[in-house]
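Peer 1: structure of the sequence below:
(chains A and B)
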Amino acid sequence: MSVGIIMLVHTAFDRAEQVARHWAASGCPIVIHADKSVPMKTYNAFVKALSDLPDVRFSKRHRCEWGTWGLVAATQSAAQIMLDEFRDVRHVYLASGSCLPLRPVQELIDYLADRPQTDFIESATTADVPWTIGGLDHERFTLRFPFSWRKNRFLFDRYVALQRRLGLKRRIPNGIVPHMGSQWWCLTRQTLSAILSDPDRPEYDRYFRHVWIPDESYFQTLARQYSLQIESRSLTLSKFDYQGKPHIFYDDHLQLLRRSDCFVARKIWPFANRLYDAFLTDGAAAMKRTEPNPGKIDRIFAKAVERRTRGRPGLYMQSRFPVEGRENGLTCARYSVFEGFGDLFENFDSWLARATGARVHGHLFAPDRAEFSDGQTVMNGALSDSAKLRDYNPRAFFASLIWNTRGERQCFQMGPRDHIKTIEWDIAKDPNAQISVITGAWAVPLFKSNQNFGDIRQEAARLQQIESKHLEVLRSPWAKARIRIWTMAEFIEAPMEPLQTIIDEIGQQNMRGLSEVPKMADLSGFGQFLQNLKNQGMHPYLMGDFPVAHGPHEPQQNKPKPYLVQ
Amino acid sequence: MKPFQSYRMRLKRKRAKVRAWRNHYSLKQVADRTNRIRPGDILLFSTFRDEYVRLPYFLKYYRDLGVSHFLMVDNDSEDGGREFLADQPDVSIWTTKASYKRARFGVDWLNWLQSKYGHGHWTLVVDPDEFFVYPFCDTRPIRALTDWLDVSQLRSFGAMLLDMYPKGRIDAVPYRPGQDPIEIASWFDPGNYMIAKNNAFGNLWIQGGPRARVFFRDTPKKAPALNKIPLVKWDRRYVYLSSTHMLLPRGLNQTYDTLGGEKASGVLLHAKFLDTFAAKAEEELDRKQHYAASIEYKTYYDNLRDNPDLWCKWSEKYINWRQLEILGLMSKGNWA
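Peer 2: Numbering: from 1, shown residues only, chains lettered A, B, ... in the order given. Prediction:
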């Protein structure tokens, strides 16, 4: 009893010949089908090259375009020859010219001999698997597909749409249940001959001729009718990418394939010399040395598909430039934005760095330069602090900063004095942002400044307008960031609680509560300052209600540590 | 895209074809070995002027990647580079004394040669100081990439220009013929690139890197474009428009994904900043044959005379393509 190999070949005939000799060396009879579109000259040379092997046959040639009936017809003719001419074949293995046997052929023969009644064919109903390409699952069995998907996509799509519109449906013959699965199978003589000599075969053939991708459903469906025992998996290792194309194996996959534990792999790049040398010349040695680890191949190819379809969130680069809404994350990591804190507290930056261990920048969008932490002029990724470069493409600047520093939490200040117009929406819509705002705190530097009151008034009016616009953005329904807003009056009433919340959310080391608070600016007289602005006709409302008189909650300058929470 | 716009693009493409045809009269054949080109060969097209010192390594690098034939245009070299190339068995070379600028920086010459010899081949268009790096380039020849692109039904492959520079003065270490220039200029900027979409042609416009950081920090708009599409399965209908930054028909510029995924892409290591650069900048300044009256060269020259160091604390030293992949400068896409 032996295993017969059907090989479907359409290119790389030197490799096909090499593999055929490998099968033949272990006594497997071979029936080869070559695509009809192969030039006669090439075909004859190929036939001649294999003429010294006694157990090789060539079947009638069909034109095999992807997803068409030709592939099934080719398989049928080849299988018929195999069953007729090689009487002692018990299992028939369907392979292609770019398949490569990984384990010694004898192991495959022994394996199948131990399972004489088992058909290895991946076969699942359409309802249960998400394999389909092009949005057609059950419909591939109920519609007609006279136009080529590859060459004539427009007509293909139109014709499908038309049939849907008209509600046209084909009858599935004899009530068979359509199954689909990998095209590469290994069937027993019993099952295969039953399929080929079924009295209803003309009807089935007529039906499947117009099913879409029949090579993945003809045998898969009919095997269910006759098989005594189906093992629904393919013995051929074959991975598909998101477009339904098989992944290709190269020389650098040698270690992976050695550990794959599969009998046959598909598909191999024809110029992968190392793979062909390793597996065809010294198969036993190639496989046996290492512990099998078939899961690794799955992971690598699954990752490749994910990279192609979802990409790395927060990365903008030459081959990933998502349109708005498809970014899958505007940035790659969480970060914190503080507005007004730097104005209200004198040493906020250094305090925050101590309390969280995060990287704390100043005003990244300041008018004159990007204030990177520690006064650096260039940051991670060789990002320049030039305001012109930054403002030329603020979004690229910001996404790059977060991308370049991934693994380290970034915190920075923002305020109405900065160039925020072009970036505020991006940050507000970013779920990675944690934004904490003390409204009206921009008045503190004005209050401390030594400018003429007329200038102060003008500046206050300008800043208030910018900040109120900015608050509209933060409060809009599109804002996805974690946003907290306090008026200044509210905040200084009890500063510890909000600070603790923010620090906890940043969530690094310090779990015992804050041992130290930042030093608040001296606000005595601030209420009066606001009142003066009001008296000038400029109503500062963003700070909340500040009493004109000196309030009891205002911290005293002379106290060494105003708050201590343990 | 409205029919009117499509038609305008068609006219643009035709105009470029006419210009290529007109300019080809200035090309004089030096060595023609194009009869050795076999179907399926990967062809490299390049134009150069006084680059003899770079040519030996350039040929070696691309021969090792699996380029079968080099089609080179020499723009009036005087340093013996032309004679050197004419002796190589896999090089066909043309020479011209015509203006580089009038031929739109060499694009017209190459468009002509590509339409004549490149039809149906994968063609790589690079300068002698550009070194093509793609995913798995250390284990798979370029043929593996083009075969995969064929199977994936992709016609073009993007590779961003990555400016390489040495640590210290750029004229500190002299470059010798045959030497790998990346040994000297082994540093690059890993993450300061700015991308915008060019809506007219559908390509991305990338700027940034050391040149933007140092030379154009106050005039970022003028910073040179870094987006390139050097590898194309050529058809005689195609044209490059400006350098290899963009092509027509526009579909070829779609080398990026817009729905959040990553397409496969590579990088062109740009070893421009070697000790040969100062002399080159001075000469180009005289000739004014480069883009925008060589303003780029003027800026370089002024800056490099004072402080010829592009290196900074956050510069990254080049190791291999995997490093570039992790940094997010290129991607494997779904090639595994």
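Peer 1: hey, let's count contacts and neighbours off CA atoms from now on
Peer 2: Fine.
Peer 1: same question for the lengthiest helix in chain A, mean pLDDT?
Peer 2: Criterion DSSP state H: the longest helix present in chain A is helix A:453-474. Here helix A:453-474 scores 91 as its mean pLDDT.
Peer 1: which stretches of the stretch 101-250 of chain A form helices?
Peer 2: For the stretch 101-250 of chain A, applying DSSP state H, counting those that start in this stretch gives helices covering A:105-113, A:153-166, A:189-196, A:201-208, A:218-226.
Peer 1: contacts for the fourth one, please.
Peer 2: Counting contacts by C-alpha atoms under 8 Å, 6 or more residues apart in numbering or on different chains, the residues outside helix A:201-208 that touch it are A:69, A:172-173, A:195, A:214, A:218.
Peer 1: check what pLDDT residue B:43 gets.
Peer 2: Reading off the model, residue B:43 has pLDDT 95.
Peer 1: next up, the contacts around residue B:55.
Peer 2: B:81, B:128, B:177-178.
Peer 1: looking at these, which is nearest chain A?
Peer 2: residue B:128 (22.4 Å; C-alpha to the nearest C-alpha).
Peer 1: near that closest one, how many other residues are there?
Peer 2: Other residues near residue B:128 number 22, with proximity taken as other C-alpha atoms under 10 Å in any protein chain shown.
Peer 1: assign a three-state SS to the closest residue in space to it that isn't next to it in sequence, would you?
Peer 2: Sequence neighbours aside, residue B:58 is the residue nearest to residue B:128 in space, at 6.1 Å (criterion: C-alpha to C-alpha, 6 or more residues apart in numbering or on different chains). The three-state label given to residue B:58 by DSSP: H, G, I helix; E, B strand; the rest coil is helix.
Peer 1: OK, contacts around residue B:58?
Peer 2: Taking C-alpha under 8 Å, 6+ apart as the test, what residue B:58 contacts is B:128-129, B:131.
Peer 1: from the chain's centroid, how far away is stretch A:320-328?
Peer 2: 13 Å (C-alpha atoms, centre = their mean, to the nearest Å).
Peer 1: in the sheet, who's paired with residue A:486?
Peer 2: residue A:438 (DSSP bridges).
Peer 1: that one contacts residue A:440, doesn't it?
Peer 2: No: using C-alpha atoms under 8 Å as the test, residue A:486 is too far from residue A:440 to be in contact (9.3 Å).
Peer 1: who's in contact with the residue of the stretch 451-566 of chain A at minimum distance from chain B?
Peer 2: Minimum separation of the stretch 451-566 of chain A from chain B (C-alpha to the nearest C-alpha) falls at residue A:480, amounting to 18.6 Å. Taking C-alpha under 8 Å, 6+ apart as the criterion, residue A:480 is in contact with A:428-431.
Peer 1: let's have these in TSV, adding neighbour count, distance to chain B and pLDDT.
Peer 2: Output for those, formatted as TSV (neighbours: other C-alpha atoms under 10 Å in any protein chain shown; distance: C-alpha to the nearest C-alpha, whole Å; pLDDT from 0 to 100):
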residue	neighbour count	distance to chain B	pLDDT
A:428	23	20	92
A:429	20	17	90
A:430	18	15	90
A:431	18	16	90
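Peer 1: which of these fall in helices?
Peer 2: Those of those lying in helices (DSSP H): residue A:428.
Peer 1: for the contacts of residue A:480, which one is nearest residue A:123?
Peer 2: residue A:431 (42.6 Å; C-alpha to C-alpha).
Peer 1: what is the burial count for the nearest residue to that closest one once chain neighbours are set aside?
Peer 2: Spatial nearest neighbour of residue A:431, excluding adjacent residues (C-alpha to C-alpha, 6+ apart): residue A:481 at 4.4 Å. Using other C-alpha under 10 Å, residue A:481 has 18 neighbouring residues.
Peer 1: residues in contact with the closest residue to chain A within the stretch 1-150 of chain B?
Peer 2: When scored by C-alpha to the nearest C-alpha, the stretch 1-150 of chain B has residue B:139 as its residue closest to chain A, at 6.3 Å. Residue B:139 is in contact with A:251-252, counting by C-alpha under 8 Å, 6+ apart.
Peer 1: kindly report the same for residue B:95.
Peer 2: Shown in contact with residue B:95 (C-alpha under 8 Å, 6+ apart): B:27-30, B:73-76, B:82.
Peer 1: same question for residue A:120.
Peer 2: A:185-187, A:230-235.
Peer 1: what do you get for residue B:47?
Peer 2: Going by C-alpha under 8 Å, 6+ apart, the list of residues near residue B:47 reads B:72-75, B:106, B:110, B:127-128.
Peer 1: the closest residue to residue A:228 other than its chain neighbours - how many residues pack around it?
Peer 2: Using C-alpha to C-alpha, 6+ apart and skipping residues adjacent in sequence, the residue nearest residue A:228 is residue A:117, 6.7 Å away. If you count neighbours by other C-alpha under 10 Å, residue A:117 ends up with 19.
Peer 1: doesn't residue A:188 make contact with residue A:117?
Peer 2: Yes: under the criterion of C-alpha under 8 Å, residue A:117 makes contact with residue A:188 at 6.8 Å.
Peer 1: who does the helix or strand containing residue B:43 pair up with?
Peer 2: For residue B:43, the host element (DSSP states H and E) is strand B:42-48. For strand B:42-48, the paired strands and their directions (DSSP bridges) are strand B:69-75 (parallel), strand B:122-125 (parallel).
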